[in-house]
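Asker: coordinates only, sequence not included:
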């Protein structure tokens, strides 16, 4: 009888050891294939995606790609953004192909990023905005969209690329995009175009990633390349070394989260943007919100000269 008890105890111990070994092996396997938090099931969204009039026709392609990635996200209506809190409390904000921001929205974005928010953008962001807004966005994104390429070009890594997160093979391929003009300081080229002088295709800073094509559109590139870049950028910010990765929420950001775009469009009186989206959050539907207080002119914008509008920034 005692021998049987000893035998059963040894058998149970071997089973526990085997289970621990399998669990450890699975963990190592996931990490070896770089399967990071973006693909894991998360309790709360870690990404906010901005919807506006200018990407409304591209929204189906944008959301299809987001679904493929498997990242949980909230939708923010650009028409509802008037303060830093309106950009949400998620750590990463995605601004796909939005060419017009108002001064108050740009100032709110600067405020949100100063609280620890990280920005991913694509396309000619802000190019149709006022000169002061364009200048502010350049400082936040590390540069600007200079001009569109006349044809599809091969994107490749830079020879001096020190961004380990942006060197995977799947990040590079044929894309129809634009030449990115980096700032003199504070930005790096994570990828370049395989053409004369190898102009920048992707700009990165400590707080932002700026992709030089219209993300989510089949006319720009394949979905696999789109997905690879967004996934890599997201994982880069969500797995950043301390103290960045200790911040789960952006201080002062609204916790409201909507996962869909409302059917009825709203007009934004300030800039005439018909960004149809009731993206202020599921908990705010059917509730009348008090108007936001008006913003005073930002000191940065007051100091800027009235630059002429240029078709090409060369």
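Answerer: Alright, I've got the coordinates. Quick caveat, the model's predicted, so the values are computed rather than measured.
Asker: who are the neighbours in contact with residue 117?
Answerer: Shown in contact with residue 117 (C-beta atoms under 8 Å, 6 or more residues apart in numbering): 87, 91, 92, 93, 207, 250, 253. C-beta coordinates here come from the backbone N, C-alpha and C atoms, glycine included.
Asker: What separation is there between the first one and residue 144?
Answerer: Translated: residue 87. 20 Å (C-beta to C-beta, to the nearest Å).
Asker: Looking at the two, which has the bigger crowd around it?
Answerer: residue 87 (26 against 22; other C-beta atoms under 10 Å).
Asker: you'd agree the more buried one is up against residue 74?
Answerer: No - under the criterion of C-beta atoms under 8 Å, residue 87 is not in contact with residue 74, lying 10.4 Å apart.
Asker: Can you check which residues contact both of the two?
Answerer: Residues touching both residue 87 and residue 74 (C-beta under 8 Å, 6+ apart) are residue 48.
Asker: Which parts of the chain are helices?
Answerer: In the chain, the segments counted as helices under DSSP state H are 2-32, 59-69, 103-114, 131-141, 223-238, 299-302.
Asker: looking at those helices, which has the lowest confidence?
Answerer: In terms of average pLDDT, helix 299-302 trails the rest of the helices of the chain, at a mean of 44.
Asker: Give the buried residues for stretch 193-207.
Answerer: Within stretch 193-207, the residues that qualify as buried by neighbour count (16 or more other C-beta atoms under 10 Å) are 193, 199, 200, 201, 202, 203, 204, 205, 207.
Asker: Give me the subset of the residues you listed that lies in strands.
Answerer: Applying DSSP state E to those, the entries found in strands are 193, 200, 201, 202, 203, 204.
Asker: for the first one, what are its contacts?
Answerer: Which is residue 193. So, once contact is read as C-beta under 8 Å, 6+ apart, residue 193 ends up touching 149, 153, 154, 155, 156, 177, 179, 199, 200, 201.
Asker: Point out where this protein drops to low pLDDT.
Answerer: Residue ranges of the chain with pLDDT under 70: 1-43, 161-162, 242-247, 262-314.
Asker: what about 90?
Answerer: 1-44, 71, 159-167, 184-186, 239-248, 260-314 (pLDDT under 90).
Asker: Where do the strands of the stretch 51-200 of the chain begin and end?
Answerer: Under the criterion DSSP state E, counting those that start in this stretch, strands of the stretch 51-200 of the chain are mapped to 73-77, 92-96, 118-122, 143-148, 153-156, 174-175, 178-182, 188-193, 200-204.
Asker: Contacts only, for residue 50.
Answerer: Contacts of residue 50 (C-beta under 8 Å, 6+ apart): 76, 77, 78, 81, 93, 94, 95, 96, 98.
Asker: is it true that the second one touches residue 53?
Answerer: No - in terms of C-beta under 8 Å, residue 77 does not count as a neighbour of residue 53; the distance is 10.2 Å.
Asker: related to what we said a few turns ago, which of the contacts of residue 50 sits closest to residue 163?
Answerer: Residue 163 lies nearest to residue 94 out of the contacts of residue 50, by C-beta to C-beta, at 18.5 Å.
Asker: list the contacts for the closest one?
Answerer: 47, 48, 49, 50, 73, 120, 121, 230.
Asker: cool, residue 119 as well?
Answerer: With C-beta under 8 Å, 6+ apart, residue 119 has these contacts: 92, 93, 95, 109, 113, 140, 141, 207, 208, 209.
Asker: Of the residues you listed, select the buried ones using a ChimeraX command.
Answerer: In ChimeraX syntax, the buried subset of the contacts of residue 119 is picked out as below (16+ other C-beta under 10 Å):
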select :92,93,95,109,113,140,141,207,208,209
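Asker: now the contacts of residue 119 in JSON lines, with distance to residue 257?
Answerer: Below are those laid out as JSON lines (distance: C-beta to C-beta, whole Å):
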{"residue": "92", "distance to residue 257": "14"}
{"residue": "93", "distance to residue 257": "13"}
{"residue": "95", "distance to residue 257": "17"}
{"residue": "109", "distance to residue 257": "19"}
{"residue": "113", "distance to residue 257": "19"}
{"residue": "140", "distance to residue 257": "23"}
{"residue": "141", "distance to residue 257": "25"}
{"residue": "207", "distance to residue 257": "22"}
{"residue": "208", "distance to residue 257": "22"}
{"residue": "209", "distance to residue 257": "22"}
